[in-house]
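Undergrad: sequence first, then the predicted structure, then my questions.
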Amino acid sequence: MEVYFNKIESQCKLKRMSQKTLMDKLGKSRMTLWRWKREIQKMSETDVRKIANILNVPVEEISDLCEMSDIPVTEISNSVKSWIELVSNNSKVFDDKVLYIISRLQEMNKTFNSIMLFVNGILKTSDIAFYAKDKHLKYIIANSAFLKKISLSPHYSVLGKTDRDFFTVDESKENIKEDAEILKTLKPMKNKERFFPGTKKKYWGLVSKTPIFDSNGKILGIIAFIVDITEKRKKEEKRKLLEKSVNSLNSAVTISTVSDDKIIFVSDSFKKIFGSSTEQCNILTEKERITSIVYKDDRKTVFRHLLNKRYDKGTVQYRIIRHDNNKMRWIKESYSIFTYFEISCKISLFEDITEQVTKTKEEKFLNDHKEIIALKLKSCGVEPRIIKEATGIKLD
């Protein structure tokens, strides 16, 4: 392949575009252009076609390449059908649902030996929706999973159809714009989350698309895969709702793994109660958290309760020293062990009970010393009626 760099420079001058701007649009550096000119680095056919596209000139004007010729839709259809049959017959070689497994598809139909499809993703099972379009964005083929999602018969022929035949006006415009951009840039789109088009927003899909080429590197169209992630989205929304509810509590919540004592979740209220950030707590083990927060005279009791794996649930009270103001507070921790995806975890609920403890101590003090207090009040001239109301003791 020969590239006419002098003609590229002429076109740049004609269009008042610097070579730096040209390379920026191509996504490469000027050093790469320098290496191409001196044949230190080989220039790919894709880059030549991209430059022609940027300069808006026929590719044969800047190289000895030819413009892409149209290939009959029936030929592409036959090749893609053969490919799908090949995948179905060999599905046992694939692991769990995977969107991108193979980067090159060998020649599949003896009738069309000149055609080779290159793809970055491959359909593994029938529940992954798939379709292919020619470079005019007309459908060549779609599998039953795609047809089922948009409420069509699995035997429905999509050949020659467009997005407008299946989707709403807005959805078809968006999908056509997206596909056209892939044909223009020749860059694949990977794992874009959005509503599955044509389903009235009932389903969510993880969409990936890639251009397909023949064996000579000529663009044929695009191929798209849509993985149904509706259930995953629902679970994620429930998880977010649950997390939001937990974070709205005045009590703090942590979840840690029993096997290695690693804290895997900390609610936002943790800082309010302990005076340290959730980020600080996340990097600690349960033992490190106790050592850094619990008052030294209470650590032995706390270690005995919280690190003894024989206890499935329990409650323990202890004092802490807050990190932000060094004040002592009383904490009540209730915990229980549960299994999450076959992993043994411990969930802990923390309450600040300082006011309750203080009130209890005051009441105990008053109860233990009420006779002395009553006599002291009497000596101060307080009426017996008031003394009885305050202490419950009747004095003569």
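TA: In hand now; what should we look at? Here the structure is a predicted model, which is why all the values come from computation and not from measurement.
Undergrad: residue nearest the centroid of the protein?
TA: The chain has Glu193 as the residue nearest its centroid, 9.3 Å off, counting by CA atoms, centre = their mean.
Undergrad: which helix or strand in this protein has the lowest average pLDDT?
TA: Lowest by mean pLDDT, DSSP states H and E among the helices and strands of the chain is helix 73-89, with a mean of 50.
Undergrad: so the residue nearest to the centre of the chain sits against Trp204, correct?
TA: Yes - using CB atoms under 8 Å, Glu193 is in contact with Trp204, at 6.7 Å. (C-beta placed from N, C-alpha, C; glycine too.)
Undergrad: next SSE after the least confident helix or strand of the chain?
TA: Counting by DSSP states H and E, the next helix or strand C-terminal to helix 73-89 is strand 128-134.
Undergrad: can you give the strand pairings for the helix or strand that comes right after that following strand, parallel or anti for each?
TA: Later in the chain than strand 128-134, the nearest helix or strand by DSSP H and E is strand 139-142. Here strand 139-142 is paired, per DSSP bridges, with strand 128-134 (antiparallel).
Undergrad: against Lys209, how distant is Lys187?
TA: For Lys187, the distance to Lys209 (CB to CB, to the nearest Å) stands at 10 Å.
Undergrad: okay, these two: which has more neighbours?
TA: In this view Lys187 and Lys209 are compared by other CB atoms under 10 Å, and Lys209 has more residues nearby, 24 against 14.
Undergrad: the more buried one pairs with what?
TA: Going by DSSP bridges, Lys209 forms beta bridges with Met189, Ala224.
Undergrad: hang on, it packs against Ile226?
TA: No - at 9.3 Å, Lys209 does not count as touching Ile226 under the criterion of CB under 8 Å.
Undergrad: now Thr185. Nearest residue, chain neighbours left out?
TA: Leaving aside its chain neighbours, Thr185 sits nearest to Lys50 (7.8 Å; criterion: CB to CB, 6 or more residues apart in numbering).
Undergrad: I'd guess the one you found is in a helix, am I close?
TA: Yes - using DSSP: H, G, I helix; E, B strand; the rest coil, the assignment for Lys50 is a helix.
Undergrad: residues near it, how many?
TA: Close neighbours of Lys50, defined as other CB under 10 Å, add up to 20.
Undergrad: before we move on, what about Lys359?
TA: 11.
Undergrad: again with Thr46
TA: For Thr46, using other CB under 10 Å, the count is 14.
Undergrad: give the contact list for it.
TA: Leu186, Gly217 (CB atoms under 8 Å, 6 or more residues apart in numbering).
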